[in-house]
Every structure is written in structure tokens, then in C-alpha cells.
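1. Sequence below, structure please.
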Amino acid sequence: MEFCSRCLYSSSHPLNLVIDDEGICSGCRVHEEKDLLDWNKRENKLKEILDLYKNKSGNSYDCIIPVSGARDSYFIVDLIKNKLGMNPLLVTYNKHYNTDVGVRNLAELRIKFDCDIMTLTVSPETVKKITRASIRKMGSIYWHCLSGQTVFPVQIAVKFKIPLIIWGAHQGIDQVGMFSHLDEVEMTRKYRKEHDLMGVEAEGLIDEFDGITEQDITQYKYPDDKEIERVGVRGIYLNNYIRWDTKAQHEQMIQKYDYETTKQTRTFDSYNDIDCYNYSDVHDYIKFIKHGYGKVVDHATREIRLKRMSRQQGLELVRNYIYKKPRNLDLFLNWIGMAENGFYYMLDQHRNKKLWQRNESWEWEFTDQYLIELENSFKTNNKLELSENFKDFILTNNKRSTDATNKYILISKGVDK
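-> Down below sits the predicted model:
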């Protein structure tokens, strides 16, 4: 395992990061573009693209924006609607693992931006059936979320003939430098299958063993290429045109729109993915089992590249969070109807045996190989000079909830208005 000498990523990153002769990874190299590109020029190019899709009659939507109760939804809608004057249709996939904070944020998004929104809520029993299958086949409780979030906007674009979908940051660019910002890479079925869906399309889940039928996966099927071509659907990523800084963007939205934040189990980031009980909890612990690292590495790497955090500070945060057990596992097991030993038995089939070993009690222990090799990589000095001191993520006051806390919320209006 080889580590980047600038950030905290290794050559074993599941998105296939590359490390050059100077010991610097492709993600850090592409990230350098953020300080080199003329972002005013890039934003003007975005405006030219948007002008092509503005509905001159004003009787229809100009674009689709996928949203949730977290991530950069507020920032994207504020930019596209309020600053750039587009009329978006918001779409959201109900991930079923919803927190009360996320429900309130999504409700406030609907109200404060005065946008129409369409929501897909798949039958809970179907979602549970698919999740059991995805745990067994891929070691993932999140396949249905990733699939639904990436296919529902495309389905709506085809159905209502709205050709432009506007996404936030492309993960392959922002994390591992799979593309340059100048490539202006757009949404593709291929990338979705290979990376978002771990190589398994909806049709690949049909199985007598899991009891999944064609009908069960209907809502997760990608539209036919001919349908997409007929409408001319394309999906652009804003981080190709806007200098992407999710921490700064969220803090703008806290000030402007009272975006709500909260602590998470396995990372210091209190802004992203707070709408989900599992993303930085059970789902992230599974990532630790499979790959030996978690979201705290992603988030610390991002802050290191943005020159707000030293590599040593990042390493200390990783040490603080990497071993934390999921706080919400019982909630998930009760929801899906599964015993803990059965859950871990299925995950053990996907466990990284290079990083995990059985002890004398036949329990799995992390070998610490990841952290040992990461610390050894500090011997090469490619550190960035800090442009500012790292400031903790803001924790806002919790608002009054209309929903029960500490349980998944399937349907709710979110705010008492």
C-alpha cells in the first residue's frame, strides 16, 4: 500500500487513485487546479450553458436539481435559482434512513426557495428486500440510496422532457482526480454503474434466492438510451465551473438560510449527510471493514487540500474517529429485521483480510496496517502551507421537531408551518 505524501489517501482507494513519481496522488494534482483556474471565466461558461436551457415562455421548468436534507442542496438551489435566474424542479429520493434534522432541512428548502419538488418513496418492504440482497452481494446497506438518488432525476428528466440535470461535485474529480475540471465530464450510465453502484445495475439484483423480481427493481432502472437521446438529457457538475468548497458553502447557507447541522458518529464534519442515520455511521463502519478507512479520511483529506488543516492534524482526527463503532446499528437491524451476528456474518464475506485478522478469541481485529503505513509516509515532506487555521465545523441549535427523534422518519412535513 502506497500513500500520497500530501494527503491521507492510499493507492488502494476504491476509485483507483494514482500516485506520481513525486509521491503525490492524482486527487491532489487535480485539486491544484482550484488555485490555478480562472473561476470567473468558468462561471461565465456555466451561464452560457444555462442560457441554452432557459424556457423562454416561462411555462415550464428550466432544469432539474437533485436535492436532500443535507450535502450542498441549499448552495446549489441558491446559486441556480437566486443568482443565475433558473426555474428548477427539485427531485429527491427518499432513502428511508431519514433523521429529524434532515427532514427539517428539506422542508425548509422547499419553503424558503419556493420551489416545486418531486419525491420518490419506494415501498418499505421492497427497499428492505433489496437491502438484504445488496448486503449479501456487495456488503452494502446503501446501494438502494445511491441507485435511487442517481436514477430518479434521470427518470423525471425523461418523463417531463426537462433535458438539463444539475449536480454538485463529481466524486471522481474531487476525491481522486479521475478527470480534470477542464474535461467538463458529465453524467454517464457507465460511471454510475462502475462506481456509484459497485458494478451492479438494478437488473443484477433479480434473484430467486433473495426473492427479488422485475417489479421490485422498476424504480431503480435507468431509462433506455433511446429515451435519453430523444429528450437530449445531460447532467452537468457544478464543481467544473465553481470553485468547490463544501465547508465554506455550507457556512454561507447557515448564515443566509439557517441551515441546521448536527454531530456525526464517525467524522468531524457536521454539515454533510446529516439527513441520514447510517451514512456516517453504519454505512461508514462497513467502509472501514471493507477498505480500512472511513469518511473521516475523506473529510480530513479535503481540508488538507484546501490548506486549512495540516497533515498531522488530519492524522489525529483519523485516530480519533476511525475505530468508533456505529451508534445506530440497532436501529438499522430492527428496521430490516436481522440479527447482529447474521449481519456481521454477511459483511465478513466482504471484509478486507489484509487489514483485519482473527485474534485468540476468534474476533476480528484491525491490524493498524493502514495507520502504520500512513504515518511512515510522513517521512516524505510534500506538505502544503496553510492558508488559514482550521476552524471547527459549526454546530447549530436544534430546532423544535414535529417528528420523533432516534427513529427513521419515512414521511413528514418537517416543520410546523
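
2. For this structure, which helix or strand comes out least confident on mean pLDDT?
-> Every helix and strand in the chain was compared by mean pLDDT, DSSP states H and E; the lowest is helix 369-376, with a mean of 84.

3. Show me what counts as buried in it.
-> Using 16 or more other C-beta atoms under 10 Å as the test for burial, helix 369-376 gives Y370, L371, L374. C-beta: built from backbone N, CA, C; applies to glycine.

4. so what does it touch, helix or strand wise?
-> helix 311-321 (3 or more C-beta pairs under 8 Å, 6 or more residues apart in numbering; DSSP states H and E).

5. Return the set of buried residues in the helix it packs on.
-> R311, Q313, G314, L315, L317, V318, Y321.

6. pLDDT of the helix or strand following that helix, averaged?
-> Toward the C-terminus, helix 311-321 is succeeded by helix 329-336 as the next helix or strand (DSSP states H and E). The average pLDDT for helix 329-336 rounds to 97.

7. and helix 329-336, what does it pack onto?
-> Against helix 329-336 (3+ C-beta pairs under 8 Å, 6+ apart) you get helix 124-138, helix 282-291, helix 340-348.

8. wait, what's in contact with Y277?
-> Contact analysis of Y277 by C-beta atoms under 8 Å, 6 or more residues apart in numbering lists Y97, N98, T99, N328, L331, F332, Y408.

9. Share the number of residues neighbouring the last one, please.
-> Residues within reach of Y408, counting by other C-beta atoms under 10 Å, total 19.

10. can you check the fourth one too?
-> N328: 21 surrounding residues under other C-beta under 10 Å.

11. from memory it sits against Y279, does it?
-> No: applying C-beta atoms under 8 Å as the test, N328 and Y279 come out as separate, 10.3 Å apart.

12. May I have the beta-bridge partners of the closest residue to W364 other than its chain neighbours?
-> What sits nearest to W364 in space, not counting adjacent residues and going by C-beta to C-beta, 6 or more residues apart in numbering, is W356, at 5.0 Å. Beta bridges link W356 to F366, judged by DSSP bridges.

13. Looking at W356 now. What's its pLDDT?
-> So, for W356, pLDDT stands at 95.

14. That one reaches Q369, doesn't it?
-> No: counting by C-beta under 8 Å, W356 stays clear of Q369, with 9.6 Å between them.

15. now the angle from the least confident helix or strand of the chain to helix 311-321?
-> Interaxial angle of helix 369-376 relative to helix 311-321 (axes from the mean of the first three to the mean of the last three C-alpha atoms, to 10 degrees): 160 degrees.

16. the inter-axis angle of helix 369-376 versus helix 282-291?
-> 80 degrees.

17. Quick one: distance of helix 369-376 to the chain centre.
-> 26 Å (C-alpha atoms, centre = their mean, to the nearest Å).

18. And for stretch 399-417?
-> The answer for stretch 399-417 is 23 Å, by C-alpha atoms, centre = their mean.

19. Extract the C-alpha trace of it and format it as PDB.
-> What follows is stretch 399-417, C-alpha atoms only, in PDB (Å, rounded to 0.1, in the frame of the first residue of the first chain):
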ATOM      1  CA  LYS A 399     -34.900  23.300  16.200                       C
ATOM      2  CA  ARG A 400     -38.200  22.000  17.600                       C
ATOM      3  CA  SER A 401     -39.100  18.800  15.800                       C
ATOM      4  CA  THR A 402     -42.500  17.700  14.600                       C
ATOM      5  CA  ASP A 403     -41.200  14.200  14.400                       C
ATOM      6  CA  ALA A 404     -40.000  11.600  16.900                       C
ATOM      7  CA  THR A 405     -36.200  11.500  17.200                       C
ATOM      8  CA  ASN A 406     -34.000   8.500  17.300                       C
ATOM      9  CA  LYS A 407     -36.100   6.600  14.700                       C
ATOM     10  CA  TYR A 408     -36.200   6.600  10.900                       C
ATOM     11  CA  ILE A 409     -38.700   9.100   9.500                       C
ATOM     12  CA  LEU A 410     -40.400   7.900   6.300                       C
ATOM     13  CA  ILE A 411     -42.900  10.700   5.600                       C
ATOM     14  CA  SER A 412     -43.200  14.100   7.300                       C
ATOM     15  CA  LYS A 413     -43.900  17.700   6.700                       C
ATOM     16  CA  GLY A 414     -40.900  18.500   8.800                       C
ATOM     17  CA  VAL A 415     -41.800  22.000  10.100                       C
ATOM     18  CA  ASP A 416     -44.800  23.300  11.900                       C
ATOM     19  CA  LYS A 417     -46.000  25.900   9.400                       C
END
